[in-house]
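> mind folding the following:
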Amino acid sequence: MRVLGKLMLVIVTCLIIACGVEQRQLNIMIIGVDTLRRDHLGCYGYERETSPNIDRLAGRSVLFEDAVSQSSWTLPSF
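Numbering: from 1, shown residues only. Here you go, the predicted model:
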């Protein structure tokens, strides 16, 4: 019981400290597109202007250079 009491004290202390810290709000957007090839997007180096809006968004955002899918077809991947 003493261990549980100490653990609760640590948790409550962490919560009190965390409540005093100003939290920064994040804006997260995940775009999921079926049958779009990475090598046909300007933000990944394609020379033709096929995706100006996605390229503009990628220029102001985090762009993942390496991603892995568990399947080659849509249903299990999403």
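> count the residues that sit near Leu57.
Using other Cβ atoms under 10 Å, Leu57 is surrounded by 14 other residues. C-beta: built from backbone N, CA, C; applies to glycine.
> could you pull up the residues touching it?
By Cβ atoms under 8 Å, 6 or more residues apart in numbering, Leu57 lies in contact with nothing.
> where does it sit: helix, strand or coil?
helix (DSSP: H, G, I helix; E, B strand; the rest coil).
> nearest spatial neighbour of Pro52, skipping sequence neighbours?
Gly42 (7.2 Å; Cβ to Cβ, 6 or more residues apart in numbering).
> can you pull out the helices in the chain?
Per DSSP state H, the chain carries helices over the ranges 2-20, 52-59, 74-77.
> list the buried residues of the second one.
Applying a neighbour-count criterion of 16 or more other Cβ atoms under 10 Å, one finds 54-55, 58 buried in helix 52-59.
> looking at Ile54 now. What's its pLDDT?
Ile54 is assigned 91 on the pLDDT scale.
> surely it meets Cys43?
Yes. Look at Ile54 against Cys43 with Cβ atoms under 8 Å: they come within range, at 6.3 Å.
> now the buried residues of helix 52-59 in a markdown table, with distance to Gly5?
Conversion of the buried residues of helix 52-59 to a markdown table gives the following (distance: Cβ to Cβ, whole Å):
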| residue | distance to Gly5 |
| --- | --- |
| Ile54 | 54 |
| Asp55 | 56 |
| Ala58 | 51 |
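> show residues contacting stretch 44-54.
With Cβ under 8 Å, 6+ apart, stretch 44-54 has contacts from 31, 38-43.
> show me where pLDDT drops low in this structure?
For the chain, residues meeting the criterion pLDDT under 70 lie at 1-3, 20-21, 23.
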